[in-house]
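**Student:** model this:
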Amino acid sequence: VRMLSGDFSGSSENFATVIDSVIQKTENGPVVKVGDVGANVMAGTVTDDRTRGYSVPPYEFIQALNYQMLDDLFLGKPNDAVVEARRAVFAQDAIAEKYGKDVEKNGQQGGGAFGKVSDQMKGMDPVLELSRSSYENGLAWYLCGVLFEQDGDQANASLSFRKAWELVPGNPYVQKDFLRLIRTQDAEAYKKLVARSGVDPKTLVRAPSEIILIFEESFVPQRQSVKVPIPVPGVNTLVSADFPMYLAPVYAPTAFDVCENGQSLGSSAMALSVQSLAYRDLKEKTPGIVVRNVTRIATRVAAQAVANNANDYAKYGVMLFNAASTLINKADTRAWYTLPMATHLYRSGMAPGEHVLELRSRSSGFVTRFPVKVAAGETRVIWVADIGGNARVATASLNGKGGPTTFQVCGSLLPGYPAVSMP
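**Tutor:** Residues are numbered from 1 along each chain as shown. Presented below is the predicted three-dimensional model:
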């Protein structure tokens, strides 16, 4: 929220607190500790999952690292941004190693109850197809590559761009930067990849002055608490339990045109579906949620069976407790809901001087405009967060050759809001 209001210093402090709570220092070096995906049945067994402490899931943590890199740029600290990029690489590799194995192991839990819940979640499948896992963020890898290249570390820049390209192979800006950097590391691989891609090698050069535009739109949908009848050992009939689910359909953003003076300079390309990362995070955690719900219900059934053989006070007391628990228990729907639904990317050369960029939505027809000044030899990073009703625009120099950070509020491209005109 602070970042959306232009308070980059306060935002950076908040993100630092989150990041430091996940990347913990130990005698053997830093260790990444993110939320588990396992059953962890001892937590919230009698009540519900809302009583469990909230652990930052990988997709939220990596997005926090992504924002911290941007915050550092907006605060005029490019060297700090490079440090965060190195932490982002370490964290993403560590999460892929450990959390990825946990996800695979966790998928084997849940039994027949998991099948019932999984059937209810089939509506999420089209969204899940937009990502490989919840913890692989192509945009974060791309931003790491941008920062490493600016820092002169072409080897790590090449590796980061490769990771980004593997996750968003259809993005032409990611592809060009990947091909441009791999040429410096592996000439043979470069030749084969260029021939296969059909990209003109003459286009694989950086412009003397350029902009990198990162455009976020809307907010991720909220999880809902949905009752699903599931089989429970020791119970002859299906028992309804609450499970968190996403009910919103797949969000399909359309590209927008980047224009100046009515002339198109190019168009954006999808770089990240945060909606898909959020849906995958829930899907990866579902087997553990199922096990905890089954254990919770079985515990109540066992308690009632014991109470039935005791006196009437115990019998009706446990019965009353179980009835009340059934009424008040809900699924844990906590998540970071101010994350964007999706993010676009645009990168292109731009002549030095003052410009008024126009972003034109191909779906709504809306246009938003904002000024940007690019210095000779500068790479200017532009971050646009379109939250509906208005958009927040921040710009900063990647290499320190331009003016100070700027922040302003302009119009929205999202449908359902009035068209925007220049103030």
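**Student:** only C-alpha atoms for contact and neighbour calcs from this point on.
**Tutor:** Noted.
**Student:** how far away is E84 from M69?
**Tutor:** Computed as C-alpha to C-alpha, to the nearest Å, the E84 to M69 distance reads 6 Å.
**Student:** when the two are compared, which one has more neighbours?
**Tutor:** Neighbours per residue, other C-alpha atoms under 10 Å: of E84 and M69, the larger number sits with M69, 26 against 23.
**Student:** now that one, what's its secondary structure?
**Tutor:** helix (DSSP: H, G, I helix; E, B strand; the rest coil).
**Student:** pLDDT on the one helix or strand S11 maps to, on average?
**Tutor:** Here S11, judged by DSSP states H and E, is contained in helix 8-22. Here the mean pLDDT over helix 8-22 is 94, rounded to a whole number.
**Student:** what residues sit buried inside that helix?
**Tutor:** For helix 8-22, a neighbour-count test (16 or more other C-alpha atoms under 10 Å) marks F8, S11, S12, F15, A16, V18, I19, V22 as buried.
**Student:** next one: it to chain centre, how far?
**Tutor:** Mean-position distance between helix 8-22 and its chain equals 17 Å (C-alpha atoms, centre = their mean, to the nearest Å).
**Student:** residue ranges with poor pLDDT in the stretch 151-300 of the chain?
**Tutor:** 299-300 (pLDDT under 70).
**Student:** tell me which residues in the longest helix seen in the chain are buried?
**Tutor:** Looking across the chain with DSSP state H, the single longest helix is helix 274-308. The neighbour-count check on helix 274-308 (16+ other C-alpha under 10 Å) flags 274-298, 300-301, 303-304, 307-308 as buried.
**Student:** ranges for the strands of the stretch 1-150 of the chain?
**Tutor:** Per DSSP state E, counting those that start in this stretch, the stretch 1-150 of the chain has strands spanning 23-26, 29-32. These are given in chain order.
**Student:** and for the stretch 251-400 of the chain?
**Tutor:** Residue ranges of the strands in the stretch 251-400 of the chain, as given by DSSP E, counting those that start in this stretch, are 256-260, 263-267, 269-273, 342-349, 353-361, 367-374, 379-386, 391-397.
**Student:** which of the ones you listed sits closest to T203?
**Tutor:** Ranking the strands of the stretch 251-400 of the chain by distance to T203, with C-alpha to C-alpha as the measure, places strand 342-349 first at 10.9 Å.
**Student:** so V409 sits against G388, correct?
**Tutor:** No: at 11.6 Å, V409 does not count as touching G388 under the criterion of C-alpha atoms under 8 Å.
**Student:** can you pull the contacts of the residue lying closest to G349 once chain neighbours are set aside?
**Tutor:** Taking C-alpha to C-alpha, 6 or more residues apart in numbering, and ignoring the residues beside it in sequence, G349 has E210 as its nearest neighbour in space, at 3.9 Å. E210 is in contact with R347, S348, G349, M350, A351, V374, G377, E378, T379, R380, counting by C-alpha atoms under 8 Å, 6 or more residues apart in numbering.
**Student:** neighbours of the first one, how many?
**Tutor:** What that stands for is R347. 24.
**Student:** likewise for the last one?
**Tutor:** Burial of R380 is recorded as 27 neighbouring residues (other C-alpha under 10 Å).
**Student:** distance check, it against P208.
**Tutor:** R380 is 11 Å from P208, by C-alpha to C-alpha.
**Student:** of the buried residues of helix 8-22, closest to D257?
**Tutor:** Of all those, the one with the least separation from D257 (C-alpha to C-alpha) is F8, at 27.9 Å.
**Student:** hang on, the closest one packs against L73?
**Tutor:** No: F8 is not in contact with L73 according to C-alpha under 8 Å; the separation is 9.5 Å.
**Student:** run a quick neighbour tally on the closest residue to E60 other than its chain neighbours.
**Tutor:** Once flanking residues are discounted, E60 sits nearest to W336: 7.1 Å by C-alpha to C-alpha, 6+ apart. The tally of other residues near W336 (other C-alpha under 10 Å) stands at 15.
**Student:** for the residue most central in space within the chain, give me its contacts.
**Tutor:** Centrality entry for the chain: nearest residue to the mean C-alpha point is V274, 4.0 Å, by C-alpha atoms, centre = their mean. Going by C-alpha under 8 Å, 6+ apart, V274 touches V220, L339, P340, M341, A342, T343.
**Student:** other SSEs contacting the host helix or strand of F407?
**Tutor:** According to DSSP H and E, F407 maps onto strand 406-410. In this structure, strand 406-410 makes packing contacts with strand 367-374, strand 391-397, judged by 3 or more C-alpha pairs under 8 Å, 6 or more residues apart in numbering; DSSP states H and E.
**Student:** contacts for that strand, please.
**Tutor:** Counting by C-alpha under 8 Å, 6+ apart, residues outside strand 406-410 touching it are G6, T368, R369, F370, N390, A391, R392, V393, A394, T395, A396.
**Student:** who wins on neighbours among these?
**Tutor:** The member of the contacts of strand 406-410 surrounded by the most neighbours (other C-alpha under 10 Å) is A396, with 30 neighbours in all.
**Student:** I'd assumed V384 was in contact with that one.
**Tutor:** No: under the contact definition of C-alpha under 8 Å, A396 does not touch V384, with a separation of 11.9 Å.
**Student:** coming back round to it: for the strand holding F407, which residues meet the burial criterion?
**Tutor:** Of the residues in strand 406-410, those buried (16+ other C-alpha under 10 Å) are T406, F407, V409, C410.
**Student:** returning to that earlier point: for P229, which of the strands of the stretch 251-400 of the chain is the nearest?
**Tutor:** With C-alpha to C-alpha, the closest approach to P229 among these belongs to strand 269-273: 31.0 Å.
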